[in-house]
Structure formats: structure tokens, C-alpha cells
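Enquirer: here is my input, please return the structure:
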Amino acid sequence: MKRIAVVVALVGLAAAGCGEAGVLDGVGTKTQAFVEGDATTTSTVVALPAGTGDEGLVSATDVLWFNDDIAAQYSGSPQDVVALVWKRKINSRFIQSSRAEIAAAMPAIRFPELVPSDVRWVTSQLVYDG
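Expert: The predicted model follows:
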């Protein structure tokens with residue numbers, strides 16, 4: 001009986017931590033802000049001041065963004081870009097897309113400004129659910 005009471009108490013505590021006003025509300029906010037940076041753009045900030053603790057990171061412009069050189073890139077409304085990129089589909093719901101296409105398809109998306117120093121290239125896809 002004590003074991004059941006402990007399990008019920010733990011489940012209740014976990015449930016209380018969920019939601020907007022829960023104990024766990026805001027966990028990861030600082031990490032998210034660090035990774036996303038200050039602006040949504042397909043370009044990134046290059047300068048990295050020494051001695052800031054970011055020495056294990058490099059500017060995202062120092063790596064090869066593999067799909068930014070796709071020959072036929074689309075622009076327009078988010079719906080148009082999503083539909084046009086879908087036509088590139090080759091038996092997969094993961095479709096190679098440039099950062100510009102992804103930014104057009106999802107205007108609220110943010111790209112990282114900094115990446116770990118051992119990253120050499122980044123690839124990007126639009127992923128379709130269905």
C-alpha cells in the first residue's frame with residue numbers, strides 16, 4: 001500500500017511540474033536563446049570575441065551549408081515554397097532544401113549562429129509529415 005501511495009505521489013508531482021505555471025516551466029529557455037541567437041536570418045554573425053567561454057564554438061558561417069547551393073531554389077509565400085519543394089520529392093519525406101527555402105516556408109524559424117568547432121558541414125531538409 002505504501003508503494004502505491006509513493007507512485008501516486010510521484011505521478012502527481014510530475015503532473016504538477018507540467019504546463020505553463022508548472023515547476024518545470026521555462027526549463028531550457030537559456031539554452032534555446034543561446035542556440036538560436038538574436039535574429040532569424042539565413043546569414044549569421046561572424047565575430048567571436050576571445051575569452052567569452054565560446055572557444056569551443058565557431059561561427060556558423062565557417063562551415064559549409066550543404067544545401068544552400070541547390071540550383072532551383074524557390075521563393076514566395078510559405079504555401080508556395082512548401083508545394084514547390086515537395087515537387088522535388090524522390091521517394092522520401094525528407095527533401096533537401098536551402099536555408100532560404102526553409103526560412104521562406106517557415107518564417108519564424110531561426111538558424112544557429114554558433115556551432116561546435118568540429119562541425120565541418122550542415123545539411124538541411126524540409127520534412128513533410130504524412
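Enquirer: flag every buried residue along stretch 101-109.
Expert: Judged by neighbour count using 16 or more other C-beta atoms under 10 Å, the buried positions of stretch 101-109 are Glu101, Ile102, Ala103, Ala104, Ala105. Every residue, glycine included, has its C-beta placed from N, CA and C.
Enquirer: so Ile90, which state does it fall into?
Expert: coil (DSSP: H, G, I helix; E, B strand; the rest coil).
Enquirer: out of the buried residues of stretch 101-109, which are inside helices?
Expert: Glu101, Ile102, Ala103, Ala104, Ala105 (DSSP state H).
Enquirer: pLDDT score assigned to the last one?
Expert: Read that as Ala105. The model reports Ala105 with a pLDDT of 91.
Enquirer: list the contacts for it?
Expert: Going by C-beta atoms under 8 Å, 6 or more residues apart in numbering, Ala105 touches Pro78, Val81, Val82, Val85, Ser97, Leu126.
Enquirer: rerun at 6 Å
Expert: Pro78, Val81, Val82 (C-beta atoms under 6 Å, 6 or more residues apart in numbering).
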